[in-house]
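> please find the sequence and the predicted model below.
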There are 2 protein chains.
Amino acid sequence: MAGVDALDARILDLFAAEPRVGVLEASRRLGVARGTVQARLDRLSRDGVVRGWGPDVDTTEIGYPVTAFATLQIEQGSGHTTVAAALAAIPEVLEVYTITGAEDLWCRIVARSNADLQRVIDQVVIVRGIQRASTVIALAEQVPHRVLPLLHAATRP
Amino acid sequence: MAGVDALDARILDLFAAEPRVGVLEASRRLGVARGTVQARLDRLSRDGVVRGWGPDVDTTEIGYPVTAFATLQIEQGSGHTTVAAALAAIPEVLEVYTITGAEDLWCRIVARSNADLQRVIDQVVIVRGIQRASTVIALAEQVPHRVLPLLHAATRP
DNA sequence: TTTTTCACTGAGCACTCTGACCAGTATTCT
DNA sequence: AGAATACTGGTCAGAGTGCTCAGTGAAAAA
């Protein structure tokens, strides 16, 4: 596990808020040398703390305003991995985890509409090895996905 | 709702894979003029298709290897928004949605360990208005969060 | 305590990219 | 047919990047 300090957190805050700033401008704003920011960013990427800088695409804006969470039970004997691989082939499936509890898999899916959600769920349940699916629809995003507050909490003094 | 075409998808693919490429290099790789890439990126940001270019921070690497999903029931009369605001104050709560079904809220939480998860859950259930919490632990990330396959599917010809 | 190691600073360098233009052309919409 | 839009390929000055270096301070190892 790699540690992060307050400066790392401030650097990531800044780049999250204004991705276009550039290393030089960032160093000015943070009051440190350019090489420091550069070295920190390199280290954060190398250590895997930062997985990437990909664009955050809003699924609503590309025509998929409906989000739903599905929990799946799979047949004993069917491997989790096999089922998950089949789910990965469905583009509307954005995320899959194996979980504890009565259900085996959890996944996040999106759809063009509630009616379209039925089509997506059909695609999911048709996967070999899936026994039962239970779906709830996300009505409103109360707290959008975020990591930065945690990052500050993780900062060790 | 904004439309995206195949070129938009290819641009975002490229920037997701290699965030450091820059507009000029991207235009070379994609075989289009620089101004085109620039204009597309501007439009995607302006239309809200791309919410940001923030760093994807790996929670495991900053000391929070345990992910869990909690569904909450809240008391009748307690507003969803009030409860969600209180949850937002807990840094380990990464995401909150209101949902259909027997439960009212869904949230993603992380913790330093299974023992630490108890601490986080305690922080959650102590929130005024929460009646009951049900938690499952994510064992393995079968399909990591992704949007790009969907983006290609959303491309209209 | 002394030595070593490491991160940060501030500076300099050649090189490249950016953002902003422009006119000309192709495509689509009205 | 005319208008609006998007793309091309070009220029320009200014700014940022990647890289290197020597010097400083602080913390860890000897």
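Thanks, I have it.
> just the CA coordinates of the longest strand along chain A, formatted as CSV?
Determined from DSSP state E, the single longest strand within chain A is strand A:130-143. Extracted in CSV, the C-alpha atoms of strand A:130-143 (Å, rounded to 0.1, in the frame of the first residue of the first chain):
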residue,chain,number,x,y,z
ILE,A,130,-27.7,-17.1,-13.8
GLN,A,131,-30.6,-18.4,-11.8
ARG,A,132,-32.4,-15.3,-10.6
ALA,A,133,-32.0,-11.5,-10.9
SER,A,134,-33.4,-8.9,-8.6
THR,A,135,-33.3,-5.3,-9.7
VAL,A,136,-33.9,-1.9,-8.2
ILE,A,137,-33.9,1.4,-10.0
ALA,A,138,-31.9,4.3,-8.9
LEU,A,139,-34.3,7.3,-8.6
ALA,A,140,-31.9,10.1,-7.8
GLU,A,141,-28.1,10.5,-7.3
GLN,A,142,-27.9,11.9,-3.8
VAL,A,143,-24.1,11.8,-3.5
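> next secondary structure element downstream of it?
helix A:148-154 (DSSP states H and E).
> wait, does that following helix contact chain B?
Yes - interface with chain B: helix A:148-154 contributes A:148-154 (CB under 8 Å from any CB of the partner chain). All C-beta spots, glycine's among them, are computed from the backbone N, C-alpha and C.
> using PDB, write down the CA coordinates of that helix.
Only the C-alpha atoms of helix A:148-154 are listed here, as PDB (Å, rounded to 0.1, in the frame of the first residue of the first chain):
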ATOM      1  CA  LEU A 148     -11.400  13.100  -2.800                       C
ATOM      2  CA  PRO A 149     -12.900  13.500   0.700                       C
ATOM      3  CA  LEU A 150     -11.600  10.100   1.500                       C
ATOM      4  CA  LEU A 151      -8.200  11.000   0.100                       C
ATOM      5  CA  HIS A 152      -8.000  13.800   2.600                       C
ATOM      6  CA  ALA A 153      -9.100  11.500   5.400                       C
ATOM      7  CA  ALA A 154      -6.500   9.000   4.400                       C
END
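> which residues touch it?
If you take CB atoms under 8 Å, 6 or more residues apart in numbering or on different chains as the criterion, helix A:148-154 is touched by A:4, A:6, A:8-9, A:12-13, A:16, B:57, B:59, B:62-64, B:91-92, B:94, B:110.
> of these, just the buried ones, ChimeraX syntax please.
Filtering the contacts of helix A:148-154 down to the buried ones (16 or more other CB atoms under 10 Å in any protein chain shown) takes a single ChimeraX command:
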select /A:4,8,9,12,13,16 /B:57,59,62,63,64,91,92,94,110
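> quick check, nearest of the contacts of helix A:148-154 to DNA strand C?
residue A:8 (8.5 Å; CB to the nearest atom of the strand).
> contact partners for that closest one?
Listed by CB under 8 Å, 6+ apart, the contact partners of residue A:8 are A:40, A:44, A:49, A:151, A:155.
> what does residue A:58 give?
Per CB under 8 Å, 6+ apart, neighbours of residue A:58: B:48-51.
> for the residue lying farthest from the centre of chain A, which residues are in contact?
Distance from the C-alpha centroid of chain A peaks at residue A:33, with 32.1 Å (CA atoms, centre = their mean). Residues in contact with residue A:33 (CB under 8 Å, 6+ apart) are residue A:27.
> and the contacts of residue A:8 as JSON lines, adding distance to DNA strand C and pLDDT?
Listed next are these as JSON lines, based on distance: CB to the nearest atom of the strand, whole Å; pLDDT from 0 to 100:
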{"residue": "A:40", "distance to DNA strand C": "6", "pLDDT": "95"}
{"residue": "A:44", "distance to DNA strand C": "11", "pLDDT": "94"}
{"residue": "A:49", "distance to DNA strand C": "14", "pLDDT": "94"}
{"residue": "A:151", "distance to DNA strand C": "16", "pLDDT": "94"}
{"residue": "A:155", "distance to DNA strand C": "13", "pLDDT": "85"}
